[in-house]
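Visitor: after the sequence you'll find the predicted model.
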Amino acid sequence: MIQFHLERNGVPTYLQLVQQVQQAVRLGVLKPGDQLPTVKEVVGMLTINPNTVLRAYRQLDLEGMIEGRRGVGTFVAGGVAPVPPDDDRKALRGALERWLKAARAAGLEDDAIATLFADTLRPPALSRVA
Amino acid sequence: MNAAAIRAQGLGKRYGTTWALRDCVLDIPAGSVTALVGPNGAGKTTLLKLAVGLTRPSAGSIEVLGSSPRDDERALMHRIGFVAQDHPLHLRFAVDEMLALGRHLNPTWNDELARERLARLRIPLDRKVGKLSGGQQAQVALTLALGKQPELLLLDEPVASLDPLARREFLNTVMEAVSESAVTVVLSSHIVADLERVCDHLVILSESRPLLVGSIDDVVASHRLLTGPCTDSPGVARVHDVIRASHTKRQTTLLVRANGHVYDAKWQVHEVDLEEIVLAYLGYGVDVHEREAVAS
Amino acid sequence: MIWLGWRQQRTETVITAALLGFVAAFLVPTGIEMAHAYAHDGLANCLGLNTGPACGDAVSAFELRFSKFTGLVGWFNLVPGLFGVVLAAPYVLELEHGTHRLAWTQSITRFQWVRAKLALAITSTLVAAAALIALYTWWRVPFVHLDGRMDNGAFDAQGTVVLGYALFALGLALAVGAVWRRGIPAVLVSFVGYFVARIFVDTWLRQRFIAPKQLTFSSGRGDPPALWHAWIISEGPSNAQGGPAVFPRGGCVAHAQHGFRATKACMASLGGHVHALFEPASRFWALQGIETALFAGVGVTLIAFAGWWTLRSE
């Protein structure tokens, strides 16, 4: 069973839940057919508004990542994006290490690197005013 | 989708010559969890008492679940749960005698659910209420309010006197109740930090008046912090509502409720979290004459 | 609401029962002793106005033997007051601790709560007072046969006045508590108020309920029939017209220390008169009715005030 956690990083709560499910699937922690915690269980774990959980699950459902089975629960859908094979990951890690070296050579401190990374990673929708 | 759980129009309450609440216009949607924030004496308790029928309006009207709380007292009572600020409990009663109280006084009482909830919290049924910890007493008061399976739950500063762990557990119980039954919750507090994870709507009260009412998503999305050189606040103020302005020699910081996009390139635009927004409305960080200018 | 009312009143019910028990523990054994002595001494034959010296002696002996009891029983006048203030305490304590607001947010209306609590307090008080009356009345039977029930000590404990006293104390404590909202102080203040009111009525007001009768009679032939078992408010030597008499010097003063009966006998031998101010025994129920109505009326008014004030002040 996936264990959710929350961070104060400015990312809306429901999105953090979505990302954690996506992450868990990518890493193989959640496999197709695994059951997700019920809304009540997530609420019990995190003390958050149930609507937030519903919103996260709705989004994951829209993305085809999960499916609800009436009276039974919510499950990871079959045919979800597979875990990238090990070589891809090795290549990505190498590229990251080279990039970090270049950033440090350019004089960036670790904090600045983290900020740059977080800013780039955040979904574009958030920087617009409503 | 939402009928209003609570609707207030021009609502006011006067004690002697002092208005504890006035000009209150509210529409709290059914199924929402609303934070009622404001400093002490802002009118939060008065609003909740008006909603539950413990007192009568001096001006305007309030409608709860479609009925008037004072006139339709009998019909409404079992549909509203209330936990008062000091959550009075019969200290000489044992916990299961409090449950008996709930059973005898509420036609819609669900005893099994109440016992199950207390068992999960590991509160012993045979202990006298006076001997429980503060957090446990708050949980018993909450159980009494939830036991009748209400459609609306009103909580008046329920966690103010509790330690952080007890606070978290209390809010947890409330959230679980919401996930079980879609009860509408109005939760007043002067501790803002807890509220963002738990609430989806917001009412800010200050000096007996409402300053801001709306969904938290909308509020966070529509407020921005603008930083820039020391000029042209009036320019911004023409387009957007300036909630708070603070100036140093070199820089001006404005917290605005934006009407549309902020186009002015002079300003750097940042997002603001809920706590900052609430504090700004409550006047934190503003010079006195600035606050008067913004007060409209 | 009934369950809640009784549960909330549990301690006070126990206190009230204990008080009754304490009173019974005194009255029952002594009452049995008195009834036994009364029968044994054949005092039933000594009733009536002038029954001869043997009866006079027997009655005197009986009274002497048990007068210490009648003295002590005077203290039990405090008991109806205690009933009233103790049984008012649950209501006042709820107001003090704010737990009435808890009940009001369960599914009963404020009016229902006030009504049920006050009804329970009134009922409990009346039951306790009635039990007290039953005990008193049974206990006092021999003395009532001998001396009637009109004098202050007996009147206070017979008939219906005890109901009035208890309701008055209850109402006073409820009213003070509804306004003041502090349990212990309200109870203490009300008890003092009860005490003062009782003293006032007993010593001053009661004899003014109905204008007392007056009678002048010669002291030689014993008490006239009108005075039989009456409440003698005042009695003193007089001339034949009822005016003040010159008190015979010397002679009868010496008899004064043996009580008025002896003095009367002495004066009879000197041919003097007695003037008495009294309420006849026939007025027992009239006076009971007035005093009960007075105390109960004030009590019920105070109770209603307490309920009204509670509902109004939120």
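Guide: It's in. Numbering: from 1, shown residues only, chains lettered A, B, ... in the order given.

Visitor: quick one: the helices in the chain?
Guide: As the question left the chain open, I've gone with chain A. Secondary structure of chain A (DSSP state H): helices at A:13-26, A:39-46, A:50-62, A:86-105, A:110-121.

Visitor: nope, chain B please
Guide: Using DSSP H, helices in chain B cover B:44-52, B:73-77, B:95-105, B:111-120, B:134-146, B:164-181, B:195-198, B:216-222, B:233-239, B:274-281, B:288-294.

Visitor: circling back to that earlier point, which of the helices of chain A sits closest to residue B:74?
Guide: helix A:50-62 (31.0 Å; C-beta to C-beta). No exception for glycine: its C-beta is placed from N, CA and C like everyone else's.

Visitor: and that closest one, anywhere near chain B?
Guide: Yes. Applying C-beta under 8 Å from any C-beta of the partner chain, one finds helix A:50-62 touching chain B at A:50, A:51, A:52, A:53.

Visitor: with adjacent residues omitted, what lies nearest to residue A:59?
Guide: residue A:18 (5.3 Å; C-beta to C-beta, 6 or more residues apart in numbering or on different chains).

Visitor: where's that neighbour relative to residue A:24, distance?
Guide: Separation of residue A:18 from residue A:24 (C-beta to C-beta, to the nearest Å): 11 Å.

Visitor: so what touches the helix or strand where residue C:154 lies?
Guide: According to DSSP states H and E, residue C:154 maps onto helix C:152-155. Contact with helix C:152-155 is made by C:70, C:73-74, C:140, C:143-144, C:147-149, C:161, C:202, C:206, C:231, C:284, C:287-288, as judged by C-beta atoms under 8 Å, 6 or more residues apart in numbering or on different chains.

Visitor: neighbour-wise, which of those leads?
Guide: Ranked by neighbour count (other C-beta atoms under 10 Å in any protein chain shown), those have residue C:161 at the top, with 26 neighbours.

Visitor: so residue C:305 sits right up against residue C:175, yeah?
Guide: Yes. Shown here, residue C:305 and residue C:175 form a contact pair, counting by C-beta atoms under 8 Å, at 5.2 Å.

Visitor: more crowded one of these two?
Guide: Higher neighbour count among residue C:305 and residue C:175: residue C:175, with 26 against 15, using other C-beta under 10 Å.

Visitor: OK, contacts around that one?
Guide: Residue C:175 touches C:302, C:303, C:305, C:306, C:309, counting by C-beta under 8 Å, 6+ apart.

Visitor: please identify which of the residues you listed is nearest to residue B:44.
Guide: When the contacts of residue C:175 are compared for distance to residue B:44 (C-beta to C-beta), residue C:309 wins out at 27.2 Å.

Visitor: distance check, the closest one against chain A.
Guide: With the distance defined as C-beta to the nearest C-beta, to the nearest Å, residue C:309 ends up 43 Å from chain A.

Visitor: which residues touch that residue?
Guide: Contacts for residue C:309 (C-beta under 8 Å, 6+ apart) come out as C:175, C:178, C:179.

Visitor: which among the contacts of helix C:152-155 gets closest to residue B:145?
Guide: Checking those against residue B:145 by C-beta to C-beta gives residue C:161 as the nearest, at 47.4 Å.

Visitor: now the closest one: phi and psi?
Guide: Dihedral pair for residue C:161: phi -60, psi -30, per degrees, to the nearest 10.

Visitor: wait, it touches residue C:295, no?
Guide: Yes. Counting by C-beta under 8 Å, residue C:161 sits close enough to residue C:295 to count as a contact (7.0 Å).

Visitor: can you count the residues close to the closest residue to residue B:55 other than its chain neighbours?
Guide: In this structure, residue B:55 finds its nearest non-sequential neighbour in residue B:49, 4.7 Å apart by C-beta to C-beta, 6+ apart. By other C-beta under 10 Å, the residues close to residue B:49 number 22.

Visitor: so what secondary structure elements neighbour the lengthiest helix in chain C?
Guide: Among the segments of chain C that qualify as a helix by DSSP H, the longest is helix C:110-147. Packing partners of helix C:110-147 (3 or more C-beta pairs under 8 Å, 6 or more residues apart in numbering or on different chains; DSSP states H and E): helix C:2-8, helix C:10-40, helix C:53-73, helix C:78-97, helix C:99-104, helix C:152-155, helix C:161-180, helix C:284-312.
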